[in-house]
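> from the sequence below, what's the structure:
(one chain, ligands or ions: 1)
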Amino acid sequence: MTNTAPPTADAHPAPGAGDFAARAHQVAKVYGHGDAQVVALDGVTVGIPRGRFTAIMGPSGSGKSTLMHCMAGLDSVDSGQVFIGDTQVTGLKDKHLTRLRRDKVGFVFQAFNLVPTLTALENITLPMDIAGRKPDRQWLDQVIDTVGLRPRLKHRPTELSGGQQQRVACARALASRPEIIFADEPTGNLDSRSGAEVLGFLRDSVRRMGQTIVMVTHDPTAAAYADQVLFLTDGQIVDTMTEPTAERVLERMKGFELPGVGAR
Ligand SMILES: Nc1ncnc2c1ncn2[C@@H]1O[C@H](COP(=O)(O)OP(=O)(O)OP(=O)(O)O)[C@@H](O)[C@H]1O
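Next up, the predicted model:
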């Protein structure tokens, strides 16, 4: 296996070719018909490296959320294939798709999506409770400590700050050790300090625990927490940046801006 990624300081070696937690091959997705037709994804081929933090950036409407939803099996594709690990997601029947998402995928959304009547701990273990699986106590402890929630485990969501609620959502995604976590604008509802904390925890979970995370963001500062950034325009991956900094990402994004249209 060749190793093309740049050297990094963390404990998890960069993946070689083929070592992807999720892959899209020639994925196309079209919304609407006739004059109202929108090509959201135009033949995207991409691999999300295992044990790495990948950010997806691009102008508004470039297809970021569509790509994430298609790769996570939340939305169907019109052509092409999506794989999570070795499992082909495209073509799976609903029952198998639900099981795959439950067993192999974690999600963190902009809205925290916590159950208000449950405590932080109950929210964290809810997906496993529903699946009838016992949490691995040692792993759960490590996740809770990584996101710094130990003193808040008995609190309900309304008794937590936005940043703490998003940490609960991150812990919920991490708790079952999914093959991959998809995060859609996870800091979109947070102030910059809470956002930095959450991004730090996501990055720690990659570096310390070998988690794979892919995150859609508009924010160059958030993207700079990732190991690599994929740039999407008009439904196509047009560039990749390793070891991003906020300045370099911002500079790259300026290349996508149309006069009078901001790259959100
Ligand atoms: N359900 C839908 N029906 C019709 N068009 C859609 C639908 N979802 C997305 N689109 C269109 O597909 C294109 C890609 O949308 P998508 O939400 O993936 O972009 P994005 O890069 O995530 O945008 P943003 O940064 O604004 O969230 C856009 O032109 C959008 O209007």
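
> which residues of the chain lie near the ligand?
By C-beta under 6 Å from any ligand atom, the residues of the chain that approach the ligand are 31-32, 38, 40, 58, 60-66, 264. Bear in mind the C-beta positions are built from the backbone N, C-alpha and C, glycine included.

> at 8 Å what do you get?
Proximity of the chain to the ligand (C-beta under 8 Å from any ligand atom) is limited to residues 29, 31-32, 36, 38-41, 58-69, 185, 216, 218, 232, 235, 264.

> ChimeraX command to pick out the buried ones of those?
Here the buried members of those are turned into a ChimeraX selection, burial being counted by 16 or more other C-beta atoms under 10 Å:
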select :29,39,40,41,58,59,62,63,64,65,66,67,68,69,185,216,218,232,235
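
> from the residues of the chain next to the ligand, which land in helices?
Secondary structure assignment by DSSP state H places 64-69 of those in helices.

> what is the nearest of the residues you listed to L149?
Taking C-beta to C-beta as the measure, L149 lies nearest M68 of these, at 25.4 Å.

> JSON lines for the ones in helices among the residues of the chain next to the ligand, including pLDDT?
Below are these laid out as JSON lines (pLDDT from 0 to 100):
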{"residue": "K64", "pLDDT": "95"}
{"residue": "S65", "pLDDT": "93"}
{"residue": "T66", "pLDDT": "96"}
{"residue": "L67", "pLDDT": "96"}
{"residue": "M68", "pLDDT": "95"}
{"residue": "H69", "pLDDT": "94"}
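
> buried ones in stretch 215-223, by neighbour count?
Residues 215-223 are the ones in stretch 215-223 that count as buried (16+ other C-beta under 10 Å).

> tell me which two of those sit farthest apart.
Comparing all pairs in those by C-beta to C-beta, the longest separation belongs to V216 and T221, at 14.6 Å.

> all strands for the stretch 1-150 of the chain, in order.
With DSSP state E, counting those that start in this stretch as the definition, the stretch 1-150 of the chain shows strands at residue ranges 20-31, 38-49, 53-57, 79-84, 87-88, 105-108.

> among those strands, which is the most enclosed?
Between the strands of the stretch 1-150 of the chain, the one whose residues have the most neighbours on average, counting mean count of other C-beta atoms under 10 Å, is strand 53-57 (a mean of 26).

> low-scoring stretches of the stretch 1-150 of the chain, by residue?
Using pLDDT under 70 as the threshold, the predicted model of the stretch 1-150 of the chain has low-confidence ranges 1-18.

> where does the spatially most central residue of the chain fall, secondary structure wise?
Per C-alpha atoms, centre = their mean, the C-alpha nearest to the average position across the chain is that of F182, at 2.5 Å. Remark: F182 resides in strand 180-184, with elements defined by DSSP states H and E.

> from the chain's centre, how far out does that strand sit?
With C-alpha atoms, centre = their mean, to the nearest Å as the basis, strand 180-184 stands 2 Å off its chain's centre.

> give the rounded mean pLDDT of it.
When the per-residue pLDDT values of strand 180-184 are averaged, the result is 95.

> in the next helix or strand after it, what's buried?
Note on strand 180-184: by DSSP H and E, the next helix or strand toward the C-terminus is helix 192-209. Buried residues in helix 192-209, counting neighbours by 16+ other C-beta under 10 Å, are found at 194-199, 201-203, 205-207, 209.

> kindly export helix 192-209 (C-alpha atoms) in CSV.
Below are the C-alpha coordinates for helix 192-209, written out as CSV (Å, rounded to 0.1, in the frame of the first residue of the first chain):
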residue,chain,number,x,y,z
SER,A,192,-17.1,30.6,18.8
ARG,A,193,-15.8,29.4,22.2
SER,A,194,-18.2,26.5,22.5
GLY,A,195,-17.7,25.7,18.8
ALA,A,196,-13.9,25.5,19.3
GLU,A,197,-14.5,23.2,22.3
VAL,A,198,-16.7,20.8,20.2
LEU,A,199,-14.3,20.9,17.3
GLY,A,200,-11.4,20.1,19.7
PHE,A,201,-13.4,17.1,21.0
LEU,A,202,-14.1,15.8,17.5
ARG,A,203,-10.4,16.2,16.6
ASP,A,204,-9.4,14.4,19.9
SER,A,205,-11.7,11.5,19.1
VAL,A,206,-9.9,11.1,15.8
ARG,A,207,-6.4,11.5,17.2
ARG,A,208,-6.8,9.6,20.5
MET,A,209,-9.5,7.0,19.6
